[in-house]
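Chemist: Here's my sequence, what's the structure:
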Amino acid sequence: MSHLTKDKINLESDGEYKRIEIDEEEPSKNPVEKEQTREQQDRTTQEPQKQELKSLILAFFAGVCFALCNYVLGVNAGLGVLTREMAENGSLIYAIIFCLCSAIKALYDNKPYWNWQLSNFRDPDTDGFHWCKLWGALGYTLNNVLAGFLVVFTFQFAIYANMNQGILTSLFSFSSIFSAFMAYFIFGDRLRVWHVIGIIFMVLCVVGLGLGSSSQAETVDFAEDSQSPLFYSMIAILFGILSPISFSVGGLTVRYLATNYSYNPVDLTITCYIWSNIILIICMVLTLEFGSHPFVLSEYAQIVASGVLAAIGVVLLNMAVTCGLAGPVFALANVQVIIQTILNVAIDGKVPNTIEIIAAIFGIIGCCTIALGPDIKEFFKRLFSGGKED
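Modeler: Below you'll find the predicted structure:
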């Protein structure tokens, strides 16, 4: 049907012609406009996918940092609580370097480094103090301190119970499940099929690595008064379950403050590092003063280096949780177990057994499924359709 392009002319009683405008159908768009519309629709569709891919990349590198950190901490694990207190100093060093770099950049750009207008605790609506952000930052800081001690207590009671710590490390992988469960009710996250499959493979990977390493590990009893290994093992398992819950709470707290109050996740993490060190430096001084272990500079340097790696990993993980789905992000961050196993083989000469090799394969499948889920789905769709596209 052709489009109407002319005005209707009507003859009035006085003999004059008068144009009567009628609605015309909108002419069809030219090819250039169609292409622009299609490109705009493609950008709208691809933007969430890019954000999701970005979150998974950040989660992977966070796992790398955690693997290096855990390996160094494992070498110095005999210090117990003091290890945790010293490691936090690494986050303080990272925070100081970050603040100095930010100040230099602001000076170079001829911009103010900080003022009240730039403060994260400023309420933009009233220009007053935003108490919700303060309580959120304090809660995140206390959770960070608690999470570190939960991990230390997990390994400490495992030693008392003659348990291999690899079994308890496998419990930490459940942070992906706890995160997905809590994010469903808080943020309404909807996991896709490949996310669920990937999480299952990652959990199988970490559990398998823990069981495999325990089958050939040598355990040493450091608890002279350990008369009830079952009691200590139950306490260790309890702390091992509470630890991933604290990990999930911390990550979702960052996302909640960023989503609802526009609290920059990097700024929140740096603030947490500074506040945590105020608490833990006091604890470290008391431990060195009243404890039996002396201060050794070489041990301190190694532990602080691991703390810097942990700080970088937390920043990357918080950024990943902010722009992606919490469950898959925490699952992919568990790639740290695979990397740590490789380090043990390459540096310590600990060759994995059959169970650990199978677990590593599960981990690779899980990582690929989470990161490449849409592409894998499209591949099988084309495969079973004979290579024909819709």
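
Chemist: Tell me which residue is most central in this protein.
Modeler: The C-alpha lying nearest the average C-alpha coordinate of the chain belongs to Leu317 (CA atoms, centre = their mean; 2.8 Å).

Chemist: Grab the nearest non-local neighbour of that one.
Modeler: Sequence neighbours aside, Ala62 is the residue nearest to Leu317 in space, at 4.1 Å (criterion: CB to CB, 6 or more residues apart in numbering). The C-beta positions use only the backbone N, C-alpha and C, and glycine is treated the same way.

Chemist: again with Val321
Modeler: Gly251 (4.4 Å).

Chemist: Torsion angles phi and psi at that neighbour?
Modeler: In this entry, Gly251 is assigned phi and psi values of phi -60, psi -40 (degrees, to the nearest 10).

Chemist: burial of it, as a residue count?
Modeler: 28 (other CB atoms under 10 Å).

Chemist: all helices for the chain, in order.
Modeler: 31-75, 81-108, 131-160, 165-169, 175-186, 193-214, 229-261, 265-290, 297-323, 326-333, 335-348, 354-384 (DSSP state H).

Chemist: what's the average pLDDT for the fourth one?
Modeler: Here helix 165-169 scores 60 as its mean pLDDT.

Chemist: measure Leu343 to Ser243 for me?
Modeler: When CB to CB, to the nearest Å is applied, the distance between Leu343 and Ser243 equals 22 Å.

Chemist: quick one, which of these two is more surrounded?
Modeler: Legend: neighbour count by other CB under 10 Å for Leu343 and Ser243, higher for Ser243 (25 against 17).

Chemist: picking that back up, could you say which of the helices of the chain is packed most deeply?
Modeler: Across the helices of the chain, the average number of neighbours (mean count of other CB atoms under 10 Å) peaks for helix 326-333, which reaches a mean of 31.

Chemist: Just want the angle from that helix to helix 297-323.
Modeler: 150 degrees (axes from the mean of the first three to the mean of the last three CA atoms, to 10 degrees).

Chemist: Name the surrounding residues that touch helix 326-333.
Modeler: By CB atoms under 8 Å, 6 or more residues apart in numbering, the surrounding residues in contact with helix 326-333 are 55-56, 58-60, 62-63, 66, 173, 175-177, 179-183, 187, 189, 191, 195, 198-199, 202-203, 247-248, 251-252, 255, 313, 317, 320-321, 366-367, 370-371.

Chemist: Measure how it sits relative to helix 229-261, angle-wise.
Modeler: 120 degrees.

Chemist: ok, back up a step: go ahead and confirm the residue nearest to Val321 touches Asn318.
Modeler: Yes: counting by CB atoms under 8 Å, Gly251 touches Asn318, with 6.5 Å between them.

Chemist: circling back to that earlier point, dump the helices of the chain into TSV; add distance to Trp114 as well.
Modeler: Putting those into TSV (distance: least, CB to CB, whole Å) gives the following:
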stretch	distance to Trp114
helix 31-75	26
helix 81-108	8
helix 131-160	15
helix 165-169	40
helix 175-186	31
helix 193-214	39
helix 229-261	18
helix 265-290	10
helix 297-323	19
helix 326-333	30
helix 335-348	34
helix 354-384	37
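
Chemist: can you tell me which of these the model trusts least?
Modeler: helix 165-169 (a mean of 60).

Chemist: what separates Leu343 from Val64, distance-wise?
Modeler: 11 Å.

Chemist: swap that for Ile357, please
Modeler: Using CB to CB, Ile357 is found at 21 Å from Val64.

Chemist: Tell me which residues touch Ile347, please.
Modeler: Shown in contact with Ile347 (CB under 8 Å, 6+ apart): Tyr71.

Chemist: hmm, I was thinking of His293
Modeler: Leu79, Leu82.

Chemist: ok, now the one 10 residues further on?
Modeler: With contact set as CB under 8 Å, 6+ apart, Ile303 has these partners: Val72, Leu73, Asn76, Leu79, Thr83, Met86, Ala87, Asn89, Gly90.
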